[in-house]
Structure formats: structure tokens, C-alpha cells
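**Q** give me the fold of what follows.
(one chain, ligands or ions: 1)
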Amino acid sequence: MLNFNRGDSAAATVARDPLTPAGAGFRPSRSVVLVGLMGAGKTSIGRRLAQRLGLPFVDSDHEIETAAGCTIETIFEMYGERAFRDCERRVIGRLLEEPVQVIATGGGAFMDTETRDAVKARGVSVWLRADLELLLQRVSRRANRPLLKRGDPKEVLAGLMAQRYPVYAEADVTVDTRDAPPDVTVDTVIEALQGLPPPALTAGPAP
Ligand code: S3P
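**A** Residues are numbered from 1 along each chain as shown. The predicted structure is shown next:
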């Protein structure tokens, strides 16, 4: 059983040369899986994180849409949430079998026991935690999230926070995403990852 300091907040900072960007020469040996609610910034942070670590980036929602040949909204409308969750579980299982990469997951993915177990076994998870106001502000930019159409988005998000935050807390590390520039959040994620013990993560030369 690997000890990853589960749930520890990434308040700790790792001393480094200020001229060397966080992540230089650091290569995770497992895929980094970003979890968190809609609007937490999993895709935008994940993309930047991957770039910084020199790893491929993949977004599980995008992969699901490619596999299904339609949008997530259409999957929810035509086949229902259960079919979406089945697809999500299969897609993330497959992504975790691939070479090390950064994987942004949909907000509900880590709630699935099988997916969570697979992430714990093969990946290293990062919960991007954000407060309600920030999430609300971010999700209001796009209207393509089926769950948020089920009621007042603020109430829906508050309900999901209550239900999901205790489970997201099982992630290997937690990073608070305030309204900071994305690169600052990426630095915090990398420093938190570097603070995890091997064998999950190793330092090594750039590929
Ligand atoms: C969902 C989040 C969405 C998407 C789907 C369901 C959820 O992804 O997977 O609409 O259950 O929270 P994002 O978190 O990327 O918005």
C-alpha cells in the first residue's frame, strides 16, 4: 500500500532556485489525474501542467465525446446519466493503462468506486478544490453542463460540494485554486506532487 499523505493540503512549499521553473526535470512515474467539481479548472490547469512536465494531456470528457461520437449533453439527453457514467468509467480505465500523462476528469468521475480504485492503483490524484463563488463564476461561462440544468446552478453546485468533497478528499493531494493566475496553481500542484514519496513519483531528466 502506497502512502501518499492522502488529503494533505498543498500548503507546503519546496525550496527551489527561483530562476528554475517548478517542474523542471521532474517526471511523474504515474499519470497525474485531476479531480474536482465543474469549474475547478481541471482542463486548463491540466493542459498547462502537462506542458510544464513534458507529458501528453488528455481530457476524459473529450475522450468520451470522441468515443461516443456525440456531445456529453446528447449522451445525457438520449441515453441518461447512467450510460454516461459507464462510458466514463471505461474511458478512464483505458486512459490509465496508457503511458504516463496528465488526465483531466469530469467532476463525477472520482465518485465512481471503480474509477477511484483504478486511479488509486495506477495514478496519482490531485483534487483542485475551489469555493462555491469561484465555481459559480467559472461555470457561468458555458451552458453545456447537464447537471447544472437540473436546477439553480448555485444550489446544484452547493449540493454537489456537500456530497462530493468528502470523497474528493481521498485524492493524494489537495490544491486550493483561488482566483490566482493558472501558472501559480500549476506551481502549487507541481510542488505538492514533488512532496509525495516514491515510487509514485520520481525526479528524472526531461524525455
Ligand atoms: C459532470 C462534470 C462534467 C461532465 C458531465 C458531468 C459532473 O465535467 O463530465 O457534465 O458530474 O460533475 P467537468 O467537471 O469537466 O465540467
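**Q** without its sequence neighbours, what residue ends up closest to K149?
**A** A143 (7.9 Å; C-beta to C-beta, 6 or more residues apart in numbering). In short, each C-beta sits where N, CA and C put it, glycine included.
**Q** how many neighbouring residues does that neighbour have?
**A** Using other C-beta atoms under 10 Å, A143 has 10 neighbouring residues.
**Q** ditto for Y168
**A** Neighbours of Y168 (other C-beta under 10 Å): 22.
**Q** which ones are touching it?
**A** V35, G36, L37, F110, W127, R129, T174 (C-beta atoms under 8 Å, 6 or more residues apart in numbering).
**Q** how about the first one, nearest residue that isn't a chain neighbour?
**A** Leaving aside its sequence neighbours, V35 sits nearest to F110 (C-beta to C-beta, 6+ apart; 4.1 Å).
**Q** gap between R85 and G93?
**A** The spacing between R85 and G93, counted by C-beta to C-beta, to the nearest Å, is 12 Å.
**Q** please say which of the two ends up with more neighbours.
**A** Regarding R85 and G93, a neighbour count based on other C-beta under 10 Å identifies R85 as having more, with 18 against 14.
**Q** look up phi and psi at that one.
**A** phi -60, psi -40 (degrees, to the nearest 10).
**Q** same check on V33?
**A** phi -110, psi 120.
**Q** got a list of what it touches?
**A** Taking C-beta under 8 Å, 6+ apart, one finds L96, I103, T105, V119, G123, V124, S125, V126 in contact with V33.
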